[in-house]
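[1] Sharing a sequence plus its predicted fold:
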Amino acid sequence: MSVAASGAGAGAAAAAAAAAEKARKEEEELTKYNSDDLDGWEFKILRSSLGKFKDYKVIKALCEQEAKAGWELVEKFDNYRIRFKRKTEHRKNDRFLDFDPYRVSMGVNKRLVVGIIVAATTLLGIGISLLLAASHR
């Protein structure tokens with residue numbers, strides 16, 4: 001593998017890590033809670049690595065399903081992340097649900113998407129290196 005190809009893959013991985021850190025910080029700081037807000041409540045962030053939350057119909061259907069587990073929409077961060085909350089007393093009914101009430105992703109796994117991006121960037125770098133090497137012969 002050429003230096004350019006490995007550098008491209010490392011750059012893509014670094015960019016993905018920086019974006020993940022920025023999102024984590026935003027999630028912690030965007031909504032402020034005091035102890036009364038937290039007592040008896042639990043929270044989760046549901047993620048869509050393909051941005052499915054841009055579609056109102058998807059959000060509506062998602063909220064209807066999550067409501068079966070007692071989850072309430074708190075906020076939509078962007079087309080990729082939505083925060084829900086529910087009273088902890090709803091846990092007792094989880095065994096009757098036909099879905100995982102603690103799921104935190106919808107659709108394709110984020111790690112898979114990042115892996116595909118890193119692999120594609122690396123392959124692109126290799127292809128460019130090969131073309132450059134061939135053109136100098």
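    Arrived safely, thanks for sending.
[2] Quick check: pLDDT value at the residue nearest in space to the middle of the chain.
    For the chain, Arg47 is the residue whose C-alpha lies nearest the centre (C-alpha atoms, centre = their mean; 4.0 Å). Looking at Arg47, its pLDDT stands at 92.
[3] Kindly report the same for the one 3 residues further on.
    According to the per-residue confidence, Leu50 scores 88 in pLDDT.
[4] Next one: Ala19 from Lys25, what distance?
    Applying C-beta to C-beta, to the nearest Å, the value for Ala19 to Lys25 is 11 Å. Glycine gets a C-beta too; all of them are placed from N, C-alpha and C.
[5] And the strands in the protein?
    Assigned by DSSP state E, the chain shows strands spanning 41-47, 72-78, 81-87.
[6] so how many other residues sit close to the residue lying closest to Gly11 once chain neighbours are set aside?
    Excluding the flanking residues, the one nearest Gly11 by C-beta to C-beta, 6 or more residues apart in numbering is Thr121, at 7.4 Å. Applying other C-beta atoms under 10 Å, we find 19 residues neighbouring Thr121.
[7] What's the per-residue pLDDT of Thr121 here?
    pLDDT for Thr121: 84.
[8] Then the one 4 residues further on?
    According to the model's per-residue confidence, Gly125 sits at a pLDDT of 81.
[9] quick one: the nearest residue to Val74 once chain neighbours are set aside and Arg47, what's the gap?
    Nearest non-adjacent residue to Val74, counting by C-beta to C-beta, 6+ apart: Arg83, 4.4 Å away. Arg83 sits 10 Å away from Arg47, going by C-beta to C-beta.
[10] can you check His90 too?
    Distance of His90 to Arg47, given as C-beta to C-beta: 21 Å.
[11] any idea how far Glu75 is from Asp36?
    Counting by C-beta to C-beta, the gap from Asp36 to Glu75 is 18 Å.
[12] Looking at the two, which has the bigger crowd around it?
    More crowded of Asp36 and Glu75, by other C-beta under 10 Å: Glu75, with 13 against 8.
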